[in-house]
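*Asks:* sequence first, then the predicted structure, then my questions.
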Amino acid sequence: MRVLLLLLALLAGCDRPAATGPREPVAGHEVEMPFARTFRVVERDGYRVVDLTASVVNWGGDAVGEEQFQRIVLVPRTGTAPPLTGDLAGATLIRTPVMRIASNTAFHEAITRVLGVNDRLVAVGGVKSWDDALRARVRSGAVRQIGYGWHSPPDLDALVAAKPDVLLMSMEDMKSVAAMPRIAALGVPVVPIFLDNEPDYMGRVDYVRLIGMLTAREREANAFADMVARKVAVLKAAAAAQPTRSVIAAWFGGGDQWNPTIRNADAKLLRDANGRNLFEGPDDPRKDSFNRISTEQLIAQGADADCWILRDTHSIPYRDIATLRRFRAYREGCVFAGDGMHKPAADAFDYYETAVIRPDLVLGDLVRMLHPALRTEPFRYIRPDTKVPR
């Protein structure tokens, strides 16, 4: 009978989003999140309410489906849970601190690492972890593999076998959204992570504070976020004292296609490095940070840039020297690549882990790229491109 009821619950939730209850803001003392725009935390008598709201955005495109919303109630393990009625109807109850964590995206592992709770990970996406010790645990089978959340929902068999208290779940498409009620029906609370939707790169850092609340590591989370904010402020001030230089961050996508950074958090990093992004447009959380353009458009708009980030870690090599010579950045030797901090044997890129929650490190690379007078430290993630043809 129990199996039949579980099957019915799974079938009922296959193609619809999870029930989320009312979306009106809940009353209570708001816990300050200096930069986050995709979630809000309210303190009540003995528990907290977290509202998470964002759109699922297609890679290089626009939002798809309806805006997603989830209300989560965090209650200490020794506390009394409030009834999930009224403004808490449809909310997800999570007992804190969570001791068994599942994750489907690499940068979640960076968050748990800085909080000192990587030993609580019982399931991750796969074996591409930057952390050697964690990767060894995954390879040994001590930590389950549920699949990375780039294009598919988690593997439910592996997820259930891991017996997590919570799943930290990034969602790249509507298939993952549709999987949320199935996961909930299996007894695994889901915390959707909308970090990529944050219009300010510091909003990503506030997610460390959120996971700190889940894990009883708030002191460590706040200290970490404050440290990053201080380092960012120092870098911005140093860059602002230098002459503004023009820049493009456009990587080759094959054929006649390029992908320039236009908006949101990635564009703000360029701006805060005192760079004038020749492709910059208005921020829009319902769009990805880049759009696809042709080589002709790239030349017309970006040929005079002082510096150019030509590649990321997975870009197709571009070999047309005649076209490259039309760009000032190429002629004057200011062509960079975002391919640093790579462990080839593990196919692991720290750019997709630590760099996500350490924008100060990325900003430092950009500041040094644009302003040679400030090159007092080595490059880390974004460095001179040694593979560009000459």
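*Replies:* Great, that's in hand. Every value quoted in this text rests on a predicted model; they were computed, and no experiment measured them.

*Asks:* partners of I293 in the sheet?
*Replies:* W258 (DSSP bridges).

*Asks:* for the chain, give me the ranges with low pLDDT.
*Replies:* 1-22 (pLDDT under 70).

*Asks:* what are the ranges of the helices in it?
*Replies:* 2-12, 106-114, 132-140, 156-162, 174-185, 201-215, 218-240, 264-272, 295-302, 321-324, 328-331, 354-357, 359-370 (DSSP state H).

*Asks:* and the second one with helix 132-140, angle?
*Replies:* With axes from the mean of the first three to the mean of the last three CA atoms, to 10 degrees as the criterion, the two stretches helix 106-114 and helix 132-140 enclose an angle of 120 degrees.

*Asks:* can you list contacts of helix 106-114?
*Replies:* Around helix 106-114, the neighbours that count as contacts under CB atoms under 8 Å, 6 or more residues apart in numbering are 101, 103, 118, 120-121, 124-125, 128-131, 134, 148, 168, 170, 193, 195, 207-208, 211, 215, 220, 224, 352-354, 356-358. C-beta: built from backbone N, CA, C; applies to glycine.

*Asks:* again, only using 6 Å
*Replies:* The contact list for helix 106-114, computed with CB atoms under 6 Å, 6 or more residues apart in numbering, reads N118, S129, L168, V208, I211, F224, Y352, E353, T354, V356, I357.

*Asks:* okay, the residues you listed in JSON lines with distance to G65 and neighbour count next?
*Replies:* What follows is the contacts of helix 106-114, written out as JSON lines (distance: CB to CB, whole Å; neighbours: other CB atoms under 10 Å):
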{"residue": "N118", "distance to G65": "33", "neighbour count": "20"}
{"residue": "S129", "distance to G65": "30", "neighbour count": "26"}
{"residue": "L168", "distance to G65": "21", "neighbour count": "27"}
{"residue": "V208", "distance to G65": "28", "neighbour count": "23"}
{"residue": "I211", "distance to G65": "26", "neighbour count": "25"}
{"residue": "F224", "distance to G65": "33", "neighbour count": "20"}
{"residue": "Y352", "distance to G65": "25", "neighbour count": "19"}
{"residue": "E353", "distance to G65": "28", "neighbour count": "23"}
{"residue": "T354", "distance to G65": "31", "neighbour count": "23"}
{"residue": "V356", "distance to G65": "24", "neighbour count": "23"}
{"residue": "I357", "distance to G65": "27", "neighbour count": "25"}
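
*Asks:* so which of the residues you listed comes closest to L270?
*Replies:* Comparing the contacts of helix 106-114 against L270 with CB to CB picks out V356 as the nearest, at 16.5 Å.

*Asks:* distance of that closest one relative to P154?
*Replies:* Per CB to CB, to the nearest Å, V356 is found 20 Å from P154.

*Asks:* check A345 too.
*Replies:* Distance, A345 to P154, by CB to CB: 26 Å.

*Asks:* between those two, who's got more neighbours?
*Replies:* P154 (28 against 6; other CB atoms under 10 Å).

*Asks:* how close does the closest residue to that one other than its chain neighbours sit to V190?
*Replies:* Closest residue to P154 apart from its sequence neighbours, by CB to CB, 6 or more residues apart in numbering: I146 at 4.1 Å. Distance of I146 to V190, computed by CB to CB: 12 Å.

*Asks:* ok, K387 next?
*Replies:* Computed as CB to CB, the K387 to V190 distance reads 40 Å.

*Asks:* if we can go back for a sec, dump the helices of the chain to JSON lines, plus distance to I309.
*Replies:* Below are those laid out as JSON lines (distance: least, CB to CB, whole Å):
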{"stretch": "helix 2-12", "distance to I309": "45"}
{"stretch": "helix 106-114", "distance to I309": "20"}
{"stretch": "helix 132-140", "distance to I309": "28"}
{"stretch": "helix 156-162", "distance to I309": "37"}
{"stretch": "helix 174-185", "distance to I309": "29"}
{"stretch": "helix 201-215", "distance to I309": "16"}
{"stretch": "helix 218-240", "distance to I309": "16"}
{"stretch": "helix 264-272", "distance to I309": "9"}
{"stretch": "helix 295-302", "distance to I309": "11"}
{"stretch": "helix 321-324", "distance to I309": "14"}
{"stretch": "helix 328-331", "distance to I309": "9"}
{"stretch": "helix 354-357", "distance to I309": "14"}
{"stretch": "helix 359-370", "distance to I309": "8"}
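
*Asks:* out of those, nearest to R23?
*Replies:* helix 174-185 (16.1 Å).

*Asks:* the residue nearest to E43 when sequence neighbours are not counted - how many residues pack around it?
*Replies:* Distances taken as CB to CB, 6+ apart place H29 nearest to E43, at 4.4 Å, with adjacent residues excluded. Residues lying near H29 (other CB under 10 Å) number 11.

*Asks:* again, but for T38
*Replies:* Applying other CB under 10 Å, we find 25 residues neighbouring T38.

*Asks:* show me what contacts the residue lying closest to it once chain neighbours are set aside?
*Replies:* Leaving aside its chain neighbours, T38 sits nearest to F194 (4.1 Å; criterion: CB to CB, 6+ apart). By CB under 6 Å, 6+ apart, the contact set of F194 is T38, L52, A54.

*Asks:* how about 8 Å then?
*Replies:* Applying CB under 8 Å, 6+ apart to F194 gives the contacts T38, F39, L52, T53, A54, Q68.

*Asks:* also P243?
*Replies:* P243 makes contacts with N274, as judged by CB under 8 Å, 6+ apart.
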